[in-house]
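Trainee: Quick check, what structure comes out for this input:
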Amino acid sequence: MVRPIREADPTYGGLVPPIYPSTTYRRAADGSYPGGHSYSRDQNPTTEPAEQMLAALEEGAEALVFSSGMAAATALLDSCAAGTRVVAPRHMYWTIRRWFEGEVARGRLGGLILVDATNPDAWREAFDDGVGAGAPLLAWLETPANPTGDITDLLAVSELAHEAGAVVVADNTVATPVHTRPIEFGVDVVFHSATKQLNGHGDVLAGALVCAAPDALWERVRHERGYRGAVLGPFEAWLLARGMRTLFLRVRQSSAAAHHIAERLVDHPAVRAVMYPGLTHHPHHDVAARQMHDGFGMLVSIRLRGGPDAARRVLGRLELFTDATSLGSVESLAEHRSMVEGAGTPVPDDLLRLSIGIEHAPDLLTDLRHALDPER
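Mentor: You can find the predicted model right below:
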């Protein structure tokens, strides 16, 4: 049960919060700030409803919104102790993985250990290696993984990480709090590329962090955001809060459509594999079913029997899907992911990533079948 949030404007009673574009605020005679705000590089009254809403959705203590998902991720990692070793999945959001690798090369991180996220024993071994190195540890989890749909056992890995003294962060962009609330499984901080499903309309660049409990690391993140000026702008914060008001409707619709499409592509002769945790034959479906509710997400990846040439050919034939980078919006998108990620990517070159929107599922399925038809 998500706790309610008072959204009415206390001044006029408006049900939609106002936008505060002001960058600076008047002091009282004693030098204090009656409204609690001094300068909008640190915080703006428009961000507060979005942060309160997201903290409630994730059942966390506090949330912070940022100017992008990468601004949130980098602020968090830069707030960790120098030399921190990161344990992360091999299959994860590519931009963050590449940033981790770059920080290791620059000496900012003490190391990066990439593991098979579906195997708790692999996490255990990696944590043991980190403890042996004597460095602070951070575990970065992502489930379902983008774009492979790999599932991480949040509870098992969180327990192993905490035994090793690691801070646990979970990227919940694909699942959203509609399907999974990682804090319930022992995660310390939840990360979101809020550009995706939280906003859901493809018109806001935003990131967010939610903490289970404020601590010294969280306060460093808050100060890091202010010094960087990485706070979300007032109009973008207002749009993000607006998007979250329809979160459950959109996410449930997209997940149901994704499940429908995944089930019906499994036996298609042109499809080598369907990667979707909602399928009962998915190797980690049981784990997904334990920690996901109300569906298994809007992300479906398919591998084509004809290899990368077939993937590009199918992508070019789609009409309802748009070939574009992103996911989690109301419109359906498709992408030849390995081509986008380039050299070094672990993503198979025959994989198409499908982000299912809120369109009529049978129409989307028909579009996919037409594109997959070799005779067409």
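
Trainee: And the helix or strand containing Phe235, what's buried?
Mentor: In this structure, Phe235 sits in helix 234-244 according to DSSP states H and E. Residues of helix 234-244 classed as buried by neighbour count (16 or more other C-beta atoms under 10 Å): Pro234, Glu236, Ala237, Trp238, Leu239, Leu240, Ala241, Arg242, Gly243, Met244. Glycine gets a C-beta too; all of them are placed from N, C-alpha and C.

Trainee: which ones are touching the fourth one?
Mentor: Taking C-beta atoms under 8 Å, 6 or more residues apart in numbering as the criterion, Trp238 is in contact with Pro17, Ile19, Thr46, Ala50.

Trainee: 6 Å instead, please
Mentor: Ile19, Thr46 (C-beta atoms under 6 Å, 6 or more residues apart in numbering).

Trainee: What of the one 10 residues further on?
Mentor: Applying C-beta under 6 Å, 6+ apart to Phe248 gives the contacts Val178.

Trainee: all numbers from here: first residue = 14
Mentor: Understood, numbering begins at 14; the last thing we discussed is Phe261.

Trainee: you'd agree Ser314 is in a strand?
Mentor: Yes - counting by DSSP: H, G, I helix; E, B strand; the rest coil, Ser314 is located in a strand.

Trainee: partner residues bridging it?
Mentor: In this entry, Ser314 is beta-bridged to Met288, Arg366, by DSSP bridges.

Trainee: pretty sure Glu71 contacts Val223?
Mentor: Yes - counting by C-beta atoms under 6 Å, Val223 is a contact partner of Glu71 at 4.4 Å.

Trainee: Now do the shared contacts for those two.
Mentor: Residues touching both Glu71 and Val223 by C-beta under 6 Å, 6+ apart: Val203.

Trainee: Quick one: mean pLDDT for the helix holding Phe248?
Mentor: On average, the pLDDT along helix 247-257 is 96.

Trainee: Following element in sequence after that helix, please.
Mentor: Next helix or strand after helix 247-257 toward the C-terminus (DSSP H and E): helix 260-278.

Trainee: Could you list the alpha-carbon positions for that following helix in CSV?
Mentor: What follows is helix 260-278, C-alpha atoms only, in CSV (Å, rounded to 0.1, in the frame of the first residue of the first chain):
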residue,chain,number,x,y,z
LEU,A,260,2.4,5.5,-13.9
PHE,A,261,0.3,2.5,-12.9
LEU,A,262,-2.0,2.8,-15.9
ARG,A,263,0.8,3.1,-18.4
VAL,A,264,3.1,0.5,-17.0
ARG,A,265,0.4,-2.1,-16.5
GLN,A,266,-0.8,-1.6,-20.1
SER,A,267,2.7,-1.8,-21.6
SER,A,268,3.6,-4.9,-19.5
ALA,A,269,0.4,-6.7,-20.5
ALA,A,270,1.1,-5.9,-24.2
ALA,A,271,4.7,-7.0,-23.9
HIS,A,272,3.7,-10.3,-22.3
HIS,A,273,1.1,-10.9,-25.1
ILE,A,274,3.7,-10.2,-27.8
ALA,A,275,6.5,-12.3,-26.1
GLU,A,276,4.2,-15.4,-25.8
ARG,A,277,3.2,-15.2,-29.5
LEU,A,278,6.7,-14.7,-30.9
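
Trainee: can you pull out the strands in the stretch 214-363 of the chain?
Mentor: Taking DSSP state E, counting those that start in this stretch to define them, one finds strands in the stretch 214-363 of the chain at 220-224, 284-288, 312-317, 335-336, 346-349.

Trainee: any chance of these in JSON lines, plus mean pLDDT, distance to Leu328 and mean neighbour count?
Mentor: Below are these laid out as JSON lines (pLDDT from 0 to 100; distance: least, C-beta to C-beta, whole Å; neighbours: other C-beta atoms under 10 Å):
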{"stretch": "strand 220-224", "mean pLDDT": "98", "distance to Leu328": "28", "mean neighbour count": "26"}
{"stretch": "strand 284-288", "mean pLDDT": "98", "distance to Leu328": "14", "mean neighbour count": "18"}
{"stretch": "strand 312-317", "mean pLDDT": "98", "distance to Leu328": "10", "mean neighbour count": "25"}
{"stretch": "strand 335-336", "mean pLDDT": "97", "distance to Leu328": "6", "mean neighbour count": "14"}
{"stretch": "strand 346-349", "mean pLDDT": "98", "distance to Leu328": "5", "mean neighbour count": "22"}
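
Trainee: Compare those strands and give me the one nearest Met83.
Mentor: Across the strands of the stretch 214-363 of the chain, Met83 has its closest neighbour in strand 220-224 (6.8 Å, C-beta to C-beta).

Trainee: any idea how far the closest residue to Asp129 other than its chain neighbours is from Asp55?
Mentor: Nearest non-adjacent residue to Asp129, counting by C-beta to C-beta, 6 or more residues apart in numbering: Ala135, 4.7 Å away. Plainly put, Ala135 is 40 Å away from Asp55 if you go by C-beta to C-beta, to the nearest Å.

Trainee: Ala188 too?
Mentor: From Ala188 to Asp55 the distance is 30 Å (C-beta to C-beta).

Trainee: Between these two, tell me which one has more neighbours.
Mentor: Legend: neighbour count by other C-beta atoms under 10 Å for Ala188 and Asp55, higher for Ala188 (30 against 14).

Trainee: Just send the strands of the stretch 214-363 of the chain back as JSON lines, with distance to Ala118 too.
Mentor: Converted to JSON lines, these look like this (distance: least, C-beta to C-beta, whole Å):
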{"stretch": "strand 220-224", "distance to Ala118": "23"}
{"stretch": "strand 284-288", "distance to Ala118": "30"}
{"stretch": "strand 312-317", "distance to Ala118": "29"}
{"stretch": "strand 335-336", "distance to Ala118": "32"}
{"stretch": "strand 346-349", "distance to Ala118": "27"}
